[in-house]
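Undergrad: One predicted model, sequence on top.
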Amino acid sequence: MDKHATIHTQQMKIPLEDGGIIGDLTLTPDAQALVIFAHGSGSGRMSPRNRSVAQLLQRNGLGTLLVDLLTVDEQAIDEQTGELRFDIDLLCRRLGAAILWAGQNEQTKHLKIALYGASTGAAAALMVAAEHPDNVFAVVSRGGRTDLAGDSIANVKAPVLMIVGGDDRIVLDLNSITSASLRVEHNIEIIPNATHLFEEPGALERAAELTCQWLLGHL
């Protein structure tokens, strides 16, 4: 990316039949693609971890759309019950709506789309990639509950990178099962000594670097 390029962030509303969801769209004049973030497990577009990853992608010429997959009212319910964060079908529909919106928006309709999913959001990303094979060029999962994508895994056409902490044994085992079901180019990158939230020094930075390399390598 041109070091003098200006990075602009706009808050966008993605319309739904029952209201809308909010996303933060960040583009540079020379953006090569758009990475849509699918948050999960009670997280949202304000997640400091995902914003940190998004900033590295932006510096490398990739646009980002960090979107809340739940409406404001749904987020309030989920904070009390925790039920909607595991409603993968709901998250999948919302992420699909974001892809359709990006394909129609004047600022983004010319851009290729990649999906970046964390935790339960990774399952939604895989399901949506399977449903939109012509719209998604790559998928990245970070600490993802990829197992929740079910039978959709075998139908994914985009190359998939799964990033897992070396000490996140349960998710590592689940991602290994996913790997056996994928029929496309894929890889599991294990970050040594990292746990599920990648809070250890340098772990999240390494995850962001791997994400950037995978996406740029598949453009």
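TA: Received, thanks.

Undergrad: can you pull out the helices in this protein?
TA: 48-59, 72-81, 88-104, 120-131, 169-181, 203-217 (DSSP state H).

Undergrad: Determine the angle, from 0 to 180 degrees, between the second one and helix 88-104.
TA: Relative orientation of helix 72-81 with respect to helix 88-104: 150 degrees, computed using axes from the mean of the first three to the mean of the last three CA atoms, to 10 degrees.

Undergrad: roughly how far is helix 72-81 from the heart of the chain?
TA: 21 Å (CA atoms, centre = their mean, to the nearest Å).

Undergrad: from now on call the first residue 58
TA: Noted, 58 is the first residue going forward, which turns the last one into helix 129-138.

Undergrad: tell me which residues in that helix are buried?
TA: Neighbour-count burial for helix 129-138 flags 131-132, 135 (criterion: 16 or more other CB atoms under 10 Å). Where C-beta positions appear, they are placed from N, C-alpha and C, glycine not excepted.

Undergrad: now these in TSV, with distance to residue 239?
TA: Rendered in TSV, the data for the buried residues of helix 129-138 read as follows (distance: CB to CB, whole Å):
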residue	distance to residue 239
131	31
132	31
135	29
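
Undergrad: Tell me, how many residues neighbour residue 107?
TA: Neighbour count for residue 107, taken as other CB atoms under 10 Å: 23.

Undergrad: how close does the nearest residue to it once chain neighbours are set aside sit to residue 105?
TA: Distances taken as CB to CB, 6 or more residues apart in numbering place residue 94 nearest to residue 107, at 5.3 Å, with adjacent residues excluded. According to CB to CB, to the nearest Å, residue 94 and residue 105 sit 13 Å apart.

Undergrad: same question, residue 207
TA: 30 Å.

Undergrad: who has more neighbours, these two?
TA: Each of residue 207 and residue 105 has its neighbours counted (other CB under 10 Å); residue 207 has more, 14 against 9.

Undergrad: Enumerate every residue touching that one.
TA: residue 184 (CB atoms under 8 Å, 6 or more residues apart in numbering).

Undergrad: Just the pLDDT for it.
TA: Per-residue pLDDT puts residue 207 at 94.

Undergrad: Over to the one 5 residues further on?
TA: Model confidence at residue 212, expressed as pLDDT, equals 97.

Undergrad: about what we covered before: in terms of mean pLDDT, which of the helices of the chain ranks lowest?
TA: Taking the mean pLDDT of the helices of the chain, helix 129-138 comes last: a mean of 76.

Undergrad: how about the helices of the chain, which one is nearest residue 75?
TA: Residue 75 sits nearest to helix 129-138 of all the helices of the chain, at 9.4 Å, using CB to CB.

Undergrad: Counting by contacts, list what that closest one packs against.
TA: Packing partners of helix 129-138 (3 or more CB pairs under 8 Å, 6 or more residues apart in numbering; DSSP states H and E): none among the helices and strands.

Undergrad: at 10 Å instead, please
TA: Under the contact criterion of 3 or more CB pairs under 10 Å, 6 or more residues apart in numbering; DSSP states H and E, helix 129-138 touches strand 76-84.

Undergrad: The strand it packs on to helix 129-138, inter-axis angle?
TA: Using the same axes, to 10 degrees: strand 76-84 against helix 129-138 is 100 degrees.

Undergrad: in strand 76-84, what's buried?
TA: For strand 76-84, using 16+ other CB under 10 Å, the buried residues are 78-84.
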